[in-house]
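1. Sharing a model that was predicted from the sequence below.
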Amino acid sequence: MELEEAVAAYRESLAVIRAFTEAMHGLARALQDLQRYDEAIEVAQKITEVDPDDVLAHTSLSVLYQKKGMIQRLRPRERRAAAGVEQQLKKS
């Protein structure tokens, strides 16, 4: 499937279920692969609003901020992602 088709399919899914975080993750990744970083950041931020403890969303934001050269935003997101990973490991 082409990336643009994937973006369209994810957006269709989200039109039906707005808080479908798995589709949001897929959309953010497809947008990242298309180098549409601003859009990908918006989607990843939305995931953190739906699920503030979503480690992957915070990690994605870190990657996206780095790709955009937004280093000043990178550090807080990295700490949040690391803390989330640590919490997950403690639960295991």
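-> Cool, the structure landed. Because the structure is predicted, anything quoted here is derived from the model rather than measured.

2. And the helices in this structure?
-> 3-16, 21-33, 37-50, 55-67, 71-91 (DSSP state H).

3. Okay, buried residues for the fourth one please.
-> Applying a neighbour-count criterion of 16 or more other CB atoms under 10 Å, one finds 55-65 buried in helix 55-67. Any C-beta I mention is one placed from the backbone N, CA and C, and that applies to glycine too.

4. ok, of those residues, which one's closest to Leu14?
-> Ala57 (14.5 Å; CB to CB).

5. Next one: Thr48 from Arg29, what distance?
-> Note on Thr48: its distance to Arg29, by CB to CB, to the nearest Å, is 15 Å.

6. ok, Tyr10 - how many residues close by?
-> 22 (other CB atoms under 10 Å).

7. Report the contact partners of Val43.
-> 24, 27-28, 31 (CB atoms under 8 Å, 6 or more residues apart in numbering).

8. residues contacting the residue minimising distance to the centre of the chain?
-> For the chain, the residue sitting closest to the mean C-alpha position, by CA atoms, centre = their mean, is Ala44 at 3.1 Å. Applying CB under 8 Å, 6+ apart to Ala44 gives the contacts 24, 28, 57, 60-61, 64.

9. still on that earlier bit, need the contacts of Val43 in TSV with neighbour count, can you?
-> TSV is the format used below for these (neighbours: other CB atoms under 10 Å):
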residue	neighbour count
Met24	23
Leu27	26
Ala28	27
Leu31	23
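
10. Could you dump those into CSV with distance to Leu14 and pLDDT added?
-> CSV is the format used below for those (distance: CB to CB, whole Å; pLDDT from 0 to 100):
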residue, distance to Leu14, pLDDT
Met24, 7, 98
Leu27, 7, 98
Ala28, 11, 98
Leu31, 12, 98
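
11. Find the pair from the buried residues of helix 55-67 with maximum spatial separation.
-> Going by CB to CB, the pair spanning the buried residues of helix 55-67 furthest: Val55 and Tyr65, at 15.7 Å.

12. Residues contacting stretch 31-38, please?
-> 3-4, 7, 39-40, 43, 60, 63-64, 67-68.
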